[in-house]
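Novice: No letters, just coordinates:
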Ligand SMILES: Cc1cc2nc3c(=O)[nH]c(=O)nc-3n(C[C@H](O)[C@H](O)[C@H](O)COP(=O)(O)OP(=O)(O)OC[C@H]3O[C@@H](n4cnc5c(N)ncnc54)[C@H](O)[C@@H]3O)c2cc1C
């Protein structure tokens, strides 16, 4: 009996290939029958992009989870894309290495899903996005044949870096089957400070984080309903224990006059758990999720505006990257607010619905006005997936 899966409101049958060859065969058959395929990893972000509308088959990539090669001294690892993030981190930790990304539900999320979404979190400030860790990628083309780009060593890119094209493409250019990543040393110490901010300290706190000597790896702003202050700044450090202890003490001095009450030292594991907790609030019954982007210098003002427009929402801003995520009540339709936020976000800014009732996720609410480069994306899409087999309808320019 095939298993069925709810794909952002579309219920379809799913299959789970056990080998890359079986996945190739599925794509070959789809090429012949012209029936769409929807990739599924851990299922934690199946609402990314527009809801799919065409019937097809969901293909779970979770059994392709082997480690192919781990030359730890080269600080690279080659794995199949269905590997869970928690399993990958455990393997890396044995060699005192890590992939420094903040991914909610690491026991569920797969590397393929992380790369397809290319979402980023707190430590983007220091380490970048998932895309920055990919040095080689194998995907299947529309006829099920493996195509490779990059390689297994850090210095390997000559010509077009095709691997980067697939990261963030939401699986619309083909299934990612195998990945080579560069990894980082596991920091021996981590620390987080939670700083409840005085009412008018939001902008100043962002400026200070930018120029401070304590050099954090993360600086987040968090608005939680019912808290004693509107905004709490979370500041993160990692490195050698002595250095981290100095950074913590330095940061306490640097931010002391912006704080209402005490600066609280948190366990890194508490902060990791908080990321998952925030993500859990994104159950559609519990809330609508929105994402916004702007110039880093505009983040504090835009985050404050979002909170003013949606009192009671959870707002999580990354001022170093100009990114804001917000979760609001499912009873509030935030679509009328999007145009004002886009304007306030300024040049290159955006505001999108991520998780919401299916009927609300129109092309404009989900992706906004097409950018000039979308003509190029459409051309690449037509070239790599002429029959529209791969996750059709997710992106704006897809059929
Ligand atoms: C609240 C929230 C916060 C987040 N914060 C961060 C963060 O801080 N840092 C970060 O890196 N990420 C973050 N993410 C995104 C996170 O990366 C994804 O949720 C998750 O990794 C997706 O993995 P998955 O296996 O569950 O994918 P799924 O939910 O199964 O799939 C997600 C998308 O990827 C496609 N896909 C899945 N597997 C493949 C494959 N092998 N080949 C091609 N396409 C594929 C699917 O078709 C779908 O379009 C956040 C997500 C949420 C909801």
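Specialist: That came through fine. If you're wondering where the values come from, they're calculated on a predicted model, not measured in any experiment.
Novice: Could you list the low-confidence segments of the stretch 1-150 of the chain?
Specialist: Counting by pLDDT under 70, the stretch 1-150 of the chain shows low-confidence ranges at 1-2.
Novice: show me the contacts for the most centrally placed residue in the chain.
Specialist: Nearest to the geometric centre of the chain sits residue 119, at 1.8 Å (C-alpha atoms, centre = their mean). Going by C-beta atoms under 8 Å, 6 or more residues apart in numbering, residue 119 touches 45, 48, 129, 130. Placement of C-beta: from N, CA and C, glycine included.
Novice: For it, give its distance to residue 25.
Specialist: Separation of residue 119 from residue 25 (C-beta to C-beta, to the nearest Å): 31 Å.
Novice: do residue 12 as well
Specialist: 19 Å.
Novice: Neighbour count: those two, which is higher?
Specialist: Neighbour tally, residue 12 and residue 25, criterion other C-beta atoms under 10 Å: the higher count belongs to residue 12, 18 against 13.
Novice: Just grab the bridge partners of that one for me.
Specialist: residue 5 (DSSP bridges).
Novice: Kindly report the same for residue 293.
Specialist: residue 323, residue 350.
Novice: Just give the number of residues close to it.
Specialist: 19.
Novice: Just the local confidence number for it, please.
Specialist: Residue 293 is assigned 97 on the pLDDT scale.
Novice: which residues does it contact?
Specialist: Residue 293 touches 322, 323, 324, 345, 348, 349, 350, 351, counting by C-beta under 8 Å, 6+ apart.
Novice: for those residues, which one is nearest the ligand?
Specialist: residue 323 (9.5 Å; C-beta to the nearest ligand atom).
Novice: Find me the pLDDT at the closest one, would you?
Specialist: At residue 323, pLDDT is 95.
Novice: how much space between it and residue 352?
Specialist: Residue 323 is 11 Å from residue 352, by C-beta to C-beta.
Novice: Equivalent analysis for residue 215, please.
Specialist: With distances taken as C-beta to C-beta, residue 215 is found 31 Å from residue 352.
Novice: now swap in residue 204 and tell me
Specialist: Counting by C-beta to C-beta - residue 204 and residue 352 are separated by 29 Å.
Novice: for residue 327, same thing?
Specialist: Applying C-beta to C-beta to residue 327 and residue 352 gives a distance of 14 Å.
Novice: When these two are compared, which one has more neighbours?
Specialist: Using other C-beta under 10 Å, the more surrounded residue of residue 327 and residue 352 is residue 327, with 23 against 20.
Novice: Mind checking what secondary structure that one has?
Specialist: With DSSP: H, G, I helix; E, B strand; the rest coil as the basis, residue 327 sits in strand.
Novice: my guess is residue 78 contacts residue 88, does it?
Specialist: No - if you go by C-beta atoms under 8 Å, residue 78 and residue 88 don't touch, sitting 11.5 Å apart.
Novice: Between these two, which is the more surrounded one?
Specialist: The neighbour count for residue 78 versus residue 88, taken as other C-beta under 10 Å, is higher for residue 88 (25 against 19).
Novice: Need phi/psi at that one.
Specialist: phi -60, psi -50 (degrees, to the nearest 10).
Novice: from memory it sits against residue 109, does it?
Specialist: No - judged on C-beta under 8 Å, residue 88 makes no contact with residue 109 at a distance of 10.0 Å.
Novice: all helices for this protein, in order.
Specialist: 20-33, 85-93, 111-117, 124-127, 162-166, 202-211, 241-255, 268-280, 299-309, 335-345, 363-367, 374-384 (DSSP state H).
Novice: check contacts around residue 43.
Specialist: Contacts of residue 43 by C-beta under 8 Å, 6+ apart are 5, 108.
Novice: for residue 109, that is, sorry about that
Specialist: Counting by C-beta under 8 Å, 6+ apart, residue 109 has contacts 41, 42, 44, 45, 84, 85, 103.
Novice: separation between it and residue 298?
Specialist: For residue 109, the distance to residue 298 - C-beta to C-beta - is 30 Å.
Novice: Could you do residue 21 as well?
Specialist: Taking C-beta to C-beta, one finds residue 21 at 49 Å from residue 298.
Novice: Neighbour count: the two, which is higher?
Specialist: Legend: neighbour count by other C-beta under 10 Å for residue 21 and residue 298, higher for residue 298 (20 against 11).
Novice: can I assume that one is in contact with residue 323?
Specialist: No - applying C-beta under 8 Å, one finds residue 298 not in contact with residue 323, separated by 11.4 Å.
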